[in-house]
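Novice: Here is my input, please return the structure:
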Amino acid sequence: MKTMYGGLFKGTDWRGVKEVFINEGSGWAEATKAVQKVAEMAKANGVEFVEGDVENLVLTLNGNYLGVLTKDGRTFRADKVILSTGAGTANLLADSAPQMHHILAGDRITAAAVVSGHVKLSQTEYERFKHIPVFDHAVGEVLGAVLPPTTDGILKFYVDVTFKNTRLHERSGYMISAPPNESDQAQHTVPKSLQEECYRVMKGILGKTAEEFKFDSFRMCWDGITPNQDFIISAHPRCQNLYIATGGSFHGWKFLPIIGEYVVKMLDSKLDADLVKRWAWDRDQKGSAQKKFIPKRELEDLT
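Specialist: Residues are numbered from 1 along each chain as shown. You can find the predicted model right below:
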């Protein structure tokens, strides 16, 4: 590995590393462009996108789901409503039905985040780095990864240690983790300690190669994580007309080309029985694919 990719990883912190796994068949895609393309295809097939910030869900007194109310006062109703609200799921349900505890998420999904740092490469630097792989360092204190640069020269590092933002939801009485209730979820207001973690990952992966690099920006990236990191693709068993499709758990992105098929099967009650059980709202939450992604620290403690 030290001699591959132009020797860029020669100075990597290899302490404690006993084995390196290289998957030459792996791939990587730019999220922004991929989602834009999906949106274009959806529009071409008759999907209508309506922009709006959701204030809360509209429910009847007995808990049946009718639609959503936006902050500008509009109400959207439908026979079947799907929540794909990620890190905001638990908080949205609590805001909408604070006293209907049988509807709330409980410990089924937690808002968690990782931090990423971005370096703007010069054209010369881009030519040097454009063929690097996704490099994930999971040993010692260097817990993070680097992605290949985007075509506009952004080299992205991220830290593989998650955190949460737990607060008392006063109306429900529940302790709930949710992204900061600020503009843009305060994604770019990154504590200094998290910035330093990004630098540690960058230097641990690239060594002296990164001595002159400085991050141009940082971002906190939120997702909804389930205890066993399986998705939730399910009808809500105690709220008629409400369906859940969320719980990406930091690995949902790669399913973008195919996940819609399973959501439609769930809506049509045609999902395979084993997947119905695996992705149910009420299920056995034991086990974890990647225990390191379960958040154990709080954002307020990271200064």
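Novice: The stretch 201-303 of the chain: helices as residue ranges?
Specialist: Here the stretch 201-303 of the chain has its helices, by DSSP state H, counting those that start in this stretch, at 259-267, 273-278.
Novice: My error: substitute the stretch 1-150 of the chain in the last question.
Specialist: Using DSSP H, counting those that start in this stretch, the helices of the stretch 1-150 of the chain run over 31-44, 89-96, 123-129.
Novice: contact partners of the longest one?
Specialist: Helix 31-44 has contacts (Cβ atoms under 8 Å, 6 or more residues apart in numbering) with 49, 253, 256. In short, each C-beta sits where N, CA and C put it, glycine included.
Novice: average pLDDT for stretch 63-83?
Specialist: Per-residue pLDDT over stretch 63-83 has a mean of 94.
Novice: what residues does it touch?
Specialist: By Cβ under 8 Å, 6+ apart, stretch 63-83 touches 50, 52-60, 89, 92, 97, 100, 102-103, 236, 238-246, 263, 267.
Novice: and the residues you listed, which of them are in strands?
Specialist: 54-59, 242-246 (DSSP state E).
Novice: what about the stretch 101-250 of the chain, any weak spots by pLDDT?
Specialist: Within the stretch 101-250 of the chain, no range satisfies pLDDT under 70.
Novice: Quick check: the residue nearest the centre of the chain vs Lys164, distance?
Specialist: Closest to where the C-alpha atoms of the chain average out (Cα atoms, centre = their mean) is Asp223, at 3.1 Å. Per Cβ to Cβ, to the nearest Å, Asp223 is found 11 Å from Lys164.
Novice: what does Glu40 give?
Specialist: Glu40 is 34 Å from Lys164, by Cβ to Cβ.
Novice: between those two, who's got more neighbours?
Specialist: The residue with more neighbours, out of Glu40 and Lys164, is Lys164; 23 against 10, by other Cβ atoms under 10 Å.
Novice: what's across from the more buried one in the sheet?
Specialist: Ala112, Glu298 (DSSP bridges).
Novice: same thing with the one 10 residues further on?
Specialist: With DSSP bridges applied, the residues forming beta bridges to Tyr174 are His169.
Novice: Quick check: it touching Leu104?
Specialist: Yes - counting by Cβ atoms under 8 Å, Tyr174 does reach Leu104; the two are 6.5 Å apart.
Novice: overlap in contacts of the two?
Specialist: Ala94.
Novice: List the buried residues in stretch 272-281.
Specialist: For stretch 272-281, burial by neighbour count (16 or more other Cβ atoms under 10 Å) applies to 275-276, 278-281.
Novice: typo on my end, it should be stretch 214-228
Specialist: Within stretch 214-228, the residues scored as buried using 16+ other Cβ under 10 Å are 215, 218-228.
Novice: Which of these fall in strands?
Specialist: Going by DSSP E, the strands hold 218-225 from the buried residues of stretch 214-228.
Novice: Make JSON lines from those and add distance to Glu19 to it.
Specialist: Listed next are these as JSON lines, based on distance: Cβ to Cβ, whole Å:
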{"residue": "Phe218", "distance to Glu19": "31"}
{"residue": "Arg219", "distance to Glu19": "31"}
{"residue": "Met220", "distance to Glu19": "32"}
{"residue": "Cys221", "distance to Glu19": "28"}
{"residue": "Trp222", "distance to Glu19": "32"}
{"residue": "Asp223", "distance to Glu19": "28"}
{"residue": "Gly224", "distance to Glu19": "32"}
{"residue": "Ile225", "distance to Glu19": "27"}
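Novice: any idea which of the ones in strands among the contacts of stretch 63-83 has the most stuff around it?
Specialist: Comparing those by number of neighbours (other Cβ under 10 Å), Ile244 comes first, having 26 neighbours.
Novice: Spatially, what comes nearest to it if we skip its sequence neighbours?
Specialist: Closest residue in space to Ile244, ignoring its immediate chain neighbours: Ile232 at 4.9 Å, by Cβ to Cβ, 6 or more residues apart in numbering.
Novice: show me what contacts the one you found?
Specialist: By Cβ under 8 Å, 6+ apart, the contact set of Ile232 is 108-109, 226, 244-247, 279-281.
Novice: picking that back up, bridge partners for the residue nearest to the centre of the chain, pull those for me.
Specialist: According to DSSP bridges, beta-bridge pairing links Asp223 with Ala112.
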